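A.B. asks: Predicted model follows, preceded by the sequence.
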Amino acid sequence: MLRHLLLLLLVVALAAGGYFLLSPQGRQLIDRVRINMERAENKALHRAGEPLPGTPDLARLDARLKAAGIEPGAPVYLRVFKLESELELWVEKDGRFELFATYPMCMWSGRLGPKLKEGDRQAPEGFYTVSKEALNPNSRMHLSFNLGFPNVYDRGKGRTGSFLMVHGGCSSIGCYAVTDAVVDEIWKFVTAALDNGQTRIPVHAFPFRMTERNLRLRKGDKWSDFWTNLKQGYDLFEENKLPPVVSVCDGRYVFEAGRRGTVDSAVEARCPPDIAGNS
């Protein structure tokens, strides 16, 4: 009898645990565990002076450029994925953007979800642009550029914060740290594009790769509607490999299909009469 009772209690406990892990709170726990494990591994490698797994061969930049058929100075576009701790560098070639490199991020702070207020140590999510004025070659974090948080969307939500950067090193209180060696390479592309006439470089920061499965796993999260909105801009780029024109209308991001001449468009408060990709 006691054995049957213990077995029943075990089954109930397992069922309750499984139910919890399928809930939004359970998914948040799974994500936090994954993020914290990766942060610990990255910090250990960085302290040991080892490159992070997946880092491109930075010493062979010229050979990589030749193989890709591109040169620094072409327009660039950056994408950040928090959960995967990756930053992508896209470069324009023949009228479309091609992925040149995916860099592992050493550290970003906070959890999945947008930055809300100064001091919350949360890395931002959303659509930002980087101009020459945002560059800091004398950063105490080696090199850095400011994402421009809060943008017009964030300000409309009452969100506050300042000096949210992509920079070197492996520490963060709201920034994206990619190590000194990696930020050196990204810096070359960013500065060359700005010097060659690109006035703003789009940087799109996502909580995770915006697949239907990733959204479905987090259905019911308090940020799921916000993430669905972000996915519209993500999908529009995936369709034509041109960064979308991003605006803010009625408190949400709206998107128009990008063209070669719109890559450096600012994120503005406007409601386009014909909005692509937002149905």
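C.D. replies: Everything's here; your move.

A.B. asks: Give the helix, strand or coil label for L87.
C.D. replies: Following DSSP: H, G, I helix; E, B strand; the rest coil, L87 is assigned to strand.

A.B. asks: Tell me how many other residues surround it.
C.D. replies: Neighbours of L87 under the rule other Cβ atoms under 10 Å: 23. The C-beta positions use only the backbone N, C-alpha and C, and glycine is treated the same way.

A.B. asks: Equivalent analysis for G49, please.
C.D. replies: By other Cβ under 10 Å, the burial measure for G49, its neighbour count, is 6.

A.B. asks: Let's verify it: helix, strand, or coil?
C.D. replies: Under three-state DSSP, G49 falls in the coil class.

A.B. asks: how far away is it from M141?
C.D. replies: With distances taken as Cβ to Cβ, to the nearest Å, G49 is found 17 Å from M141.

A.B. asks: So which residues of the stretch 101-250 of the chain form helices?
C.D. replies: 152-156, 180-195, 212-217, 224-240 (DSSP state H, counting those that start in this stretch).

A.B. asks: which of those sits most buried?
C.D. replies: Stretch with highest mean neighbour count among the helices of the stretch 101-250 of the chain: helix 180-195 (a mean of 19; mean count of other Cβ atoms under 10 Å).

A.B. asks: What mean pLDDT does that one get?
C.D. replies: Mean pLDDT, helix 180-195: 98.

A.B. asks: Go through the helices of the stretch 101-250 of the chain and name the closest to P72.
C.D. replies: The closest of these to P72 is helix 180-195. By Cβ to Cβ, the value is 3.8 Å.

A.B. asks: Once you drop chain neighbours, what's closest to S139?
C.D. replies: Among residues not flanking S139 along the chain, H167 sits closest, at 5.8 Å (Cβ to Cβ, 6 or more residues apart in numbering).

A.B. asks: That neighbour reaches T179, doesn't it?
C.D. replies: No - look at H167 against T179 with Cβ atoms under 8 Å: they stay out of range, at 9.6 Å.

A.B. asks: who touches stretch 218-238?
C.D. replies: Here stretch 218-238 makes contact (Cβ atoms under 8 Å, 6 or more residues apart in numbering) with 23-24, 27-28, 97, 112-114, 125-127, 204, 206-207, 210, 215, 243-244, 246, 252-253, 255, 257-258, 276-278.

A.B. asks: Buried among those? Need that as a selection in PyMOL.
C.D. replies: With 16 or more other Cβ atoms under 10 Å as the criterion, this PyMOL line picks the buried residues out of these:
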select buried, resi 27+28+97+112+113+114+125+126+127+204+206+207+210+215+243+244+246+253+255+257+258+276+277
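
A.B. asks: Could you tell me which of the contacts of stretch 218-238 are located in strands?
C.D. replies: Within those, residues falling in strands by DSSP state E are F97, G126, F127, H204, F206, V246, R252, Y253, F255.

A.B. asks: Report the two of those residues separated the most.
C.D. replies: Taking Cβ to Cβ, no two of those sit farther apart than F97 and R252, at 24.7 Å.

A.B. asks: so, if you compare the ones in strands among the contacts of stretch 218-238, which one comes nearest to A63?
C.D. replies: F97 (21.2 Å).

A.B. asks: Identify the residue spatially nearest to the closest one, adjacent ones excluded.
C.D. replies: Nearest non-adjacent residue to F97 (Cβ to Cβ, 6+ apart): W90, at 4.2 Å.

A.B. asks: returning to that earlier point: what is the burial count for the residue nearest to S139?
C.D. replies: Neighbours of H167 (other Cβ under 10 Å): 24.

A.B. asks: close enough to count as contact, V248 and A269?
C.D. replies: Yes - V248 is within contact range of A269, at 4.9 Å (criterion: Cβ under 8 Å).

A.B. asks: Compare neighbour counts for the two and give me the winner.
C.D. replies: More neighbours surround V248 than the other of V248 and A269, with 22 against 14 (other Cβ under 10 Å).
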